[in-house]
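Asks: How does the following fold in three dimensions:
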Amino acid sequence: QSLALSVDVGFAVVEERQPEGSKSYSVPIWEELLLPFVGPEIWQQDVPDARQAILFLQQWAGVFFGSEKGAVMRFGLKTPVDQCLTTSGCIFKFRPFDTPSGRLFEDLDQGGLEFLVEEPSHGSPRLRVRRAAYGFKAVVKDNSEQALLRQFKQDWEQSQRPSSQWWPSF
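Replies: A predicted model of the protein is given here:
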């Protein structure tokens, strides 16, 4: 089927050889090594506390994309955005101007970003942002993605400062 869709992408996975005489060998954790390719991932950061990161993310989404959506225009995001909270974070989907108002969130396929917090079995908790909901022939909305991510990163960094009372910066 990939040939029918003219997909021309490939990669090879090669394990590195250990130096001769080395007695330590660690088996690669392929799920972790290949994880950035699912989505694809556009940003990742370790977080000190997964539950706190999820709470921050969901509150942040509510501030910018809740019932009062006028705040969105202030940081350069021109494409309307709908959001849906998940147990691990939030999914943002772009709603182009010509989209009928009755269209369900699940049916939006013009792109978006999924912000999710994970607690992997190996390593510390992390916050990942990956592309989501890009349907066939949907154009990547790079400017909208970058505006959304830039504002989130700025507010996230501010919230991580000692004795910081986070409030959205417009």
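Asks: Just say helix, strand or coil for Leu148.
Replies: At Leu148 the chain is in helix, as set by DSSP: H, G, I helix; E, B strand; the rest coil.
Asks: which residues touch it?
Replies: With contact taken as Cβ atoms under 8 Å, 6 or more residues apart in numbering, Leu148 is in contact with 77, 81, 92, 113. C-beta: built from backbone N, CA, C; applies to glycine.
Asks: Which pLDDT value belongs to it?
Replies: The per-residue pLDDT reported for Leu148 equals 91.
Asks: just checking, Ser144 touches Phe94?
Replies: Yes: counting by Cβ atoms under 8 Å, Phe94 is a contact partner of Ser144 at 6.0 Å.
Asks: between the two, what contacts are shared?
Replies: Applying Cβ under 8 Å, 6+ apart, one finds that Ser144 and Phe94 are jointly contacted by 79, 81, 111.
Asks: quick one: least confident of these?
Replies: Among the shared contacts of Ser144 and Phe94, Thr79 carries the lowest pLDDT, at 82.
Asks: Identify the residues contacting that residue.
Replies: 94-96, 141, 144.
Asks: what lines up beside the host helix or strand of Ile91 in the sheet?
Replies: Assigned by DSSP states H and E, Ile91 falls within strand 89-94. According to DSSP bridges, strand 89-94 has the following sheet partners: strand 81-86 (antiparallel), strand 110-118 (antiparallel).
Asks: Which residues outside it are in contact with it?
Replies: For strand 89-94, the external contacting residues (Cβ under 8 Å, 6+ apart) are 54, 57-58, 61, 65, 79-84, 105, 108, 110-117, 127, 132-133, 141, 144, 148.
Asks: Can you select the buried ones from these in ChimeraX?
Replies: Buried members of the contacts of strand 89-94, defined by 16 or more other Cβ atoms under 10 Å, are picked up in ChimeraX with:
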select :54,57,58,61,65,79,80,81,82,83,108,110,111,112,113,114,115,116,117,127,132,133,141,144,148
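Asks: Centre-most residue in the chain?
Replies: Central residue of the chain (Cα atoms, centre = their mean): Val129, 1.6 Å from the mean position.
Asks: how about the residue lying closest to Leu35 once chain neighbours are set aside, phi and psi?
Replies: With Cβ to Cβ, 6 or more residues apart in numbering as the criterion, Leu35 has its nearest non-adjacent residue at 7.0 Å, and that residue is Glu41. In terms of degrees, to the nearest 10, the main-chain angles of Glu41 are phi -70, psi 140.
Asks: number of nearby residues for Glu41?
Replies: 14 (other Cβ atoms under 10 Å).
Asks: ok so, going back, secondary structure element for the residue lying closest to the residue nearest to the centre of the chain once chain neighbours are set aside?
Replies: Ranked by Cβ to Cβ, 6+ apart and with sequence neighbours excluded, the top spatial neighbour of Val129 is Trp43, at 4.3 Å. Assigned by DSSP H and E, Trp43 falls within strand 41-46.
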